[in-house]
Structures are given as C-alpha cells and as structure tokens.
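J.: can you look at this prediction? I've put the sequence above it.
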Amino acid sequence: MKDKKAQMKIQEMAFVLLALVLLAVIGFIFFIRFSQQSLVQSAQDIKTKTTMSLLERISSLPELECYNKALCIDETKANKFIQLPDSDKQELEMLFQGLTSVRIRKIYPQDPQNPEIILYYKSAGNSSYSAFINLCRYVQVGSSGTYNYECGMAQLVASQK
Amino acid sequence: MAYNKKAQEEMVGFVIIVVMFIVMGLLLMFMIRPTQTIKKDLQTGNLLETLLESTEEGRPIRVIIESCAEGTASDCEVAKNASIKRLDAALVQQDIIVNRTINGYSFEATSEGFTRINITNGTLMGNKITGLIPLQNIDVILRFYY
C-alpha cells in the first residue's frame, strides 16, 4: 500500500515535470519565432538603407543630378550620359562599384517608346535593389519660350552579382 | 493537521500549474492572433516623397497639397487626381514596389484634424506598411495593404 502511494507520487512528479518541460519548449519555440521575425525585419531594413544610400550616391553624381533636389535625376543629363564615349564612361563606372547594371524605369508619366534608360550594363545581376526617384526635365510651356522644370516618378534599379 | 497541510500544499501546486497554463494560453493566443501591425516602411516613405516632389501643372504636388490645406479647394481636387494617377501607375509595377503583393492602398492628407484629401483603392485589409511625411501645415500618409 505504502509502495503504491510512493509510485503515485513519483508518477505525479513526473507528469508535473513533463508539463513544465512542455511549457518551456512551447515558450522557447515562440520566443525563437518572434526573434527570427524581428531579425528578418532588421536585416531587411539594413539592406534597404544600404541600397538607398548607394542609389542616392548614384543619383547625386554631377553628371546625373537635378538642380537643387535630392534623389532626383535629370532626364536630359541621363540621356547625354548614355551617349558618352566608352573612354569617358570608364572613369565614371568606377563609381558603380560592384554593380552589374544601373537603369532608370519610368513610372509616371509612362513612356511606352522608351520605358527605361540604361545607364550602365556589364552583365545580368543576381539581385536587384531599387529606390524611387524623381526624373526631371525642362519642358517648354506652349510657344511662350518659357520652360518649366517638370518632374515625374521613376525607379532607379541597380543589380549586383 | 499534517494531513490538511499536505492537501493545502498539493492545492497550491495545482493552482500554480493552472496559472502557468493560463499564462501560456494567453501568450499563445497573442502570438497566433492575425497580425494587424503598422510598420513604417522606408520604401513606402521613399515612394511618397517622390510622389510629393513630382510636378503637376508646373508645381510640385507637395506645394499643391499645402495650398489645399490653406483652403484652396480647387487645389485639393488637383492634388487628389494627380496622386491617383501616380499611385495607379506605380501599382502597375507592384511586384517591385515594396516586394509584396499589394491588395489596396490609402492616401490621406490631414491638417488640424480635418481630412483634406482621402484616396482609397482596392481591399484595405490585412497587414499594412505606412509612409508618413509631415509637410508645412499638413500630414500626408500613404498606406499599402498586403
């Protein structure tokens, strides 16, 4: 009788310990899941910030930048840039460190004839990063001889190996 | 007496275990609950900034929205139509906009508690990412729902 009671006690203790271990495991799983989510989010934020800073550097090249505006590319300058002879481009290409291509995708106003301006192309990249920029150019207002600096929306896309 | 004390100890132990289960259950419910999180997103902010700096009728949309906040009703309409055109054009390329499939968006410009411009499109449910830019006299908020 005494033995049976002791066995019951041992069983009871074993179940309690099992329940505690189970609770700890469940808690740990959720903790890991939560930590992983925030870690992935942080990694994504860092990647976006790095990309933005790289793309900001490209858009602030004197050969491309707009007058008095950040994150903006002058369309006329960009069109001239792609026509530069290769010898002139080589020096500038040093600035596109580690990138395989840099292009501007027009969003608004859309231009079906010329939807992209390819600034630099070496090879197809494995991963691409993008930032929204303004694509600006001077547009003549009617026949008045005055010009407005009109800015549209575009995406600066850089690819990497 | 000793018998009663032992029973009390057993009860206390049982109560502790029940409390622990309740706490774990609550924690589980909190974790499993569908997330309705508001995340300030860099790319959405970048898109909103670009939208506000793009021009319509020779003026940046930012200036038109500020003029709307000052009471020029016609500018509210101009800003609204210009923003719709740009956001819809951006959504055509939604696969690369924010690396998510967008179900809908809302664009709001509020000043002194009044909503001056309100644009909604698609399904405004589920998770959202937010871009917020405070202008001189008005706050502009863009939310993408995915």
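T.: Now that the structure is in, tell me what you want to look at. Numbering: from 1, shown residues only, chains lettered A, B, ... in the order given.
J.: please make it C-alpha for all contacts and neighbour counts, starting now.
T.: Will do.
J.: helices along the chain, start to end?
T.: No chain in the question, so chain A it is. Per DSSP state H, chain A carries helices over the ranges A:2-59, A:75-81, A:86-93.
J.: wait, chain B
T.: Listed in chain order, the helices of chain B (DSSP H) span residues B:2-32, B:42-53, B:61-69, B:73-92, B:94-97.
J.: can I get those in a markdown table including mean neighbour count, mean pLDDT and distance to residue A:62?
T.: A markdown table is the format used below for the helices of chain B (neighbours: other CA atoms under 10 Å in any protein chain shown; pLDDT from 0 to 100; distance: least, CA to CA, whole Å):
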| stretch | mean neighbour count | mean pLDDT | distance to residue A:62 |
| --- | --- | --- | --- |
| helix B:2-32 | 12 | 77 | 50 |
| helix B:42-53 | 23 | 89 | 20 |
| helix B:61-69 | 22 | 94 | 25 |
| helix B:73-92 | 17 | 90 | 27 |
| helix B:94-97 | 16 | 55 | 27 |
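J.: between the ones you listed, which one is closest to residue A:32.
T.: Nearest of the helices of chain B to residue A:32, taken as CA to CA: helix B:2-32 at 11.9 Å.
J.: can you report how many residues lie near the residue of chain B found nearest chain A?
T.: Nearest residue of chain B to chain A: residue B:54, at 4.7 Å (CA to the nearest CA). Using other CA atoms under 10 Å in any protein chain shown, residue B:54 is surrounded by 27 other residues.
J.: for the helices of chain A, which one ends up most surrounded?
T.: Of all the helices of chain A, helix A:75-81 carries the top mean neighbour count, a mean of 17, counting by mean count of other CA atoms under 10 Å in any protein chain shown.
J.: now stretch A:126-139: mean pLDDT?
T.: Stretch A:126-139 shows a mean pLDDT of 86.
J.: wait, stretch A:45-54
T.: For stretch A:45-54, the mean pLDDT works out to 76.
J.: can you confirm whether it lies near chain B?
T.: Yes. Contact of stretch A:45-54 with chain B (CA under 8 Å from any CA of the partner chain) involves A:45, A:48-49.
J.: and stretch A:112-121, by the same measure?
T.: No. Using CA under 8 Å from any CA, stretch A:112-121 never reaches chain B; the gap is at least 12.2 Å.
J.: got the contact list for stretch B:136-146?
T.: B:44-45, B:48, B:65-66, B:69-70, B:100-112, B:123-134 (CA atoms under 8 Å, 6 or more residues apart in numbering or on different chains).
J.: any buried residues in it, and which?
T.: Residues of stretch B:136-146 classed as buried by neighbour count (16 or more other CA atoms under 10 Å in any protein chain shown): B:138-146.
J.: redo these as JSON lines? Include pLDDT.
T.: Below are the buried residues of stretch B:136-146 laid out as JSON lines (pLDDT from 0 to 100):
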{"residue": "B:138", "pLDDT": "92"}
{"residue": "B:139", "pLDDT": "93"}
{"residue": "B:140", "pLDDT": "94"}
{"residue": "B:141", "pLDDT": "94"}
{"residue": "B:142", "pLDDT": "93"}
{"residue": "B:143", "pLDDT": "91"}
{"residue": "B:144", "pLDDT": "88"}
{"residue": "B:145", "pLDDT": "88"}
{"residue": "B:146", "pLDDT": "84"}
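J.: about what we covered before: export the helices of chain A to CSV and tack on distance to residue B:25?
T.: Shown next, in CSV, are those (distance: least, CA to CA, whole Å):
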stretch, distance to residue B:25
helix A:2-59, 10
helix A:75-81, 59
helix A:86-93, 58
